[in-house]
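Colleague: I'd like to go over a predicted model; first the sequence, then the structure.
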Amino acid sequence: MANFRYAAYRAGLETLYFSGAHHALRPVFGGVGAIFTLHHVRPPRNGAFQPNRMLEIEPDFLDRVILHLLRNGVDLVSMDEVHRRLTERDFSRHFVAFTLDDGYRDNLEHAWPILKRQQVPCTLYIATSFPDRLGELWWVALERVIAKTNRLVLEVDGVSRFINCVDSASKSKAFAEIYWWLRGLEDEGELRRIMRDLCARYGVDVKEPCRDLCMNWSEIATMAEDALVTIGAHSVNHIILRKWPADVARAEMKRSAEVIEASLGRRLEHFAYPYGDPTSAGPREFALAAELGFKTAVTTRPGVLFPQHREHLTALPRISLNGQFQALRYVDVLMSGVPLALVNGFRRVDAA
């Protein structure tokens with residue numbers, strides 16, 4: 001099903017590009033700028049079973065995207081500058097901001113050298129339990145569980161369910177089914193309990209992905225010393241904020257900023273909601289971010305920026321640089337805003 005969705009979406013992007021419709025409609029739907037979402041930037045991994053592939057792009061693709069934008073006269077700016085341009089209505093030039101979520105070590109090893117060479121600002125959003133080595137990248141742990149077994153037993157609604165994982169196709173199917181079932185649970189605490197139990201039964205350390213993949217505080221500090229790098233908050237435990245009581249959500253947001261400020265000695269003014277889709281962050285969380293004094297807060301709701309986002313600075317949309325769509329023509333189509341307008345029902349602002 002996931003492969004079908006990707007194929008259908010790719011076909012739509014191809015149609016818009018080769019018909020020229022994205023170019024013709026850009027003045028209507030292209031907005032004034034965009035914020036790109038990135039997670040991993042690293043060389044491609046081997047193996048057919050890579051269910052989290054959409055969260056990573058290759059260094060060469062990032063380099064090509066930057067050069068393409070610069071050649072097309074796009075200003076590459078920081079989140080502080082995004083805030084300034086929106087609040088001061090400075091829309092004389094189109095702009096793009098690069099943001100990197102979670103704090104993966106490959107950001108330091110592969111993304112930062114490219115950004116630094118091209119003098120491109122970026123914002124790094126840190127979930128503080130990750131450098132503290134207490135975080136649970138449960139979606140990576142789930143991938144590792146499925147990768148090492150041919151048959152998985154999972155208790156669903158009190159009933160043991162047997163899931164075959166004998167080849168890459170069945171493993172991918174199993175991952176999608178389990179991932180979205182977990183994401184659909186009303187209680188995220190239950191999600192975490194299920195994953196800890198699953199990892200324990202199949203010999204996977206649920207905290208090992210954090211140690212393997214995420215920067216420590218020293219590595220984050222190295223990046224933070226660069227004037228091109230802005231550090232933002234991303235909660236403490238990378239939780240689905242909307243599924244927790246307001247006091248818990250507020251504490252996660254506030255505490256993450258405080259921990260980073262104490263560790264790096266700088267005040268934080270920008271936030272990214274974990275997961276960032278409508279099931280993870282909504283009007284309550286947008287209001288909390290404003291209450292806590294963040295200048296901007298970004299979602300993963302797809303969209304470009306319009307002047308109207310001046311009134312919704314804690315509900316800003318982003319465009320994902322997705323590992324499934326590593327071609328410059330897709331970047332052009334997405335930045336035109338046309339496919340995003342279709343997804344959003346032609347609403348310029350999605351903050352509900």
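Modeller: Sure, I can see it.

Colleague: what is the residue located most distally from the centre of the chain paired to in the beta sheet?
Modeller: Within the chain, V159 marks the point farthest from the mean C-alpha position, 33.4 Å out by C-alpha atoms, centre = their mean. Following DSSP bridges, V159 is listed with bridge partners V156.

Colleague: Look at it and report its pLDDT.
Modeller: We note a pLDDT of 82 for V159 in this prediction.

Colleague: Kindly report the same for A2.
Modeller: 60.

Colleague: From W138, how far out is the residue farthest from the centre of the chain?
Modeller: Separation of V159 from W138 (C-beta to C-beta, to the nearest Å): 22 Å. Any C-beta I mention is one placed from the backbone N, CA and C, and that applies to glycine too.

Colleague: again, but for K171
Modeller: Distance from K171 to W138, by C-beta to C-beta: 17 Å.

Colleague: swap in I66?
Modeller: Where W138 is concerned, I66 sits at a distance of 32 Å (C-beta to C-beta).

Colleague: go on, S19?
Modeller: 41 Å.

Colleague: now the helices: where do they sit in the stretch 101-250 of the chain?
Modeller: Ranges of helices in the stretch 101-250 of the chain, per DSSP state H, counting those that start in this stretch, are 105-106, 112-117, 138-147, 168-184, 188-201, 208-213, 217-224, 246-264.

Colleague: Give me the below-cutoff pLDDT ranges for the protein.
Modeller: Residue ranges of the chain with pLDDT under 70: 1-4.

Colleague: can you list the domains in it?
Modeller: Per automatic domain parsing, the domain ranges recorded for the chain read 2-132+216-343, 138-206.

Colleague: Could I get the ones you listed in CSV, plus columns for distance to A351?
Modeller: What follows is the domains of the chain, written out as CSV (distance: least, C-beta to C-beta, whole Å):
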stretch, distance to A351
domain 2-132+216-343, 4
domain 138-206, 22
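
Colleague: Most tightly packed of these?
Modeller: Sort the domains of the chain by mean neighbour count, taking mean count of other C-beta atoms under 10 Å, and domain 2-132+216-343 sits at the top with a mean of 19.

Colleague: Show me how far it is from its chain's centre.
Modeller: 6 Å (C-alpha atoms, centre = their mean, to the nearest Å).

Colleague: can you check stretch 172-180 too?
Modeller: Distance, centroid of stretch 172-180 to centroid of chain: 19 Å (C-alpha atoms, centre = their mean).

Colleague: can you dump the C-alpha coordinates of that stretch into PDB?
Modeller: The C-alpha coordinates for stretch 172-180 follow below in PDB (Å, rounded to 0.1, in the frame of the first residue of the first chain):
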ATOM      1  CA  SER A 172       7.800  -3.800   4.600                       C
ATOM      2  CA  LYS A 173       4.100  -4.700   4.800                       C
ATOM      3  CA  ALA A 174       4.600  -5.800   8.400                       C
ATOM      4  CA  PHE A 175       6.400  -2.600   9.300                       C
ATOM      5  CA  ALA A 176       3.700  -0.400   7.700                       C
ATOM      6  CA  GLU A 177       0.900  -2.200   9.500                       C
ATOM      7  CA  ILE A 178       2.500  -2.200  12.900                       C
ATOM      8  CA  TYR A 179       3.800   1.400  12.600                       C
ATOM      9  CA  TRP A 180       0.500   2.900  11.700                       C
END
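
Colleague: just checking, N237 touches A127?
Modeller: Yes: if you go by C-beta atoms under 8 Å, N237 and A127 touch, sitting 6.9 Å apart.

Colleague: Return every residue with contacts to both of the two.
Modeller: Overlap of the contact sets of N237 and A127 (by C-beta atoms under 8 Å, 6 or more residues apart in numbering) consists of G135.

Colleague: give the contact list for G73.
Modeller: Counting by C-beta under 8 Å, 6+ apart, the residues that G73 touches are 93-94.

Colleague: where does it land in three-state SS?
Modeller: Three-state assignment for G73 (DSSP: H, G, I helix; E, B strand; the rest coil): coil.

Colleague: Just the element for F36, please.
Modeller: strand 33-38 (DSSP states H and E).

Colleague: Could you identify the helix or strand that succeeds that strand?
Modeller: The helix or strand immediately downstream of strand 33-38 is strand 40-41, counting by DSSP H and E.

Colleague: partners of that next one, with directions?
Modeller: Assessed with DSSP bridges, strand 40-41 is paired to strand 56-57 (parallel).

Colleague: Can you tell me what sits against the strand it pairs with?
Modeller: By C-beta under 8 Å, 6+ apart, strand 56-57 touches 38-42, 106, 321-323, 326.
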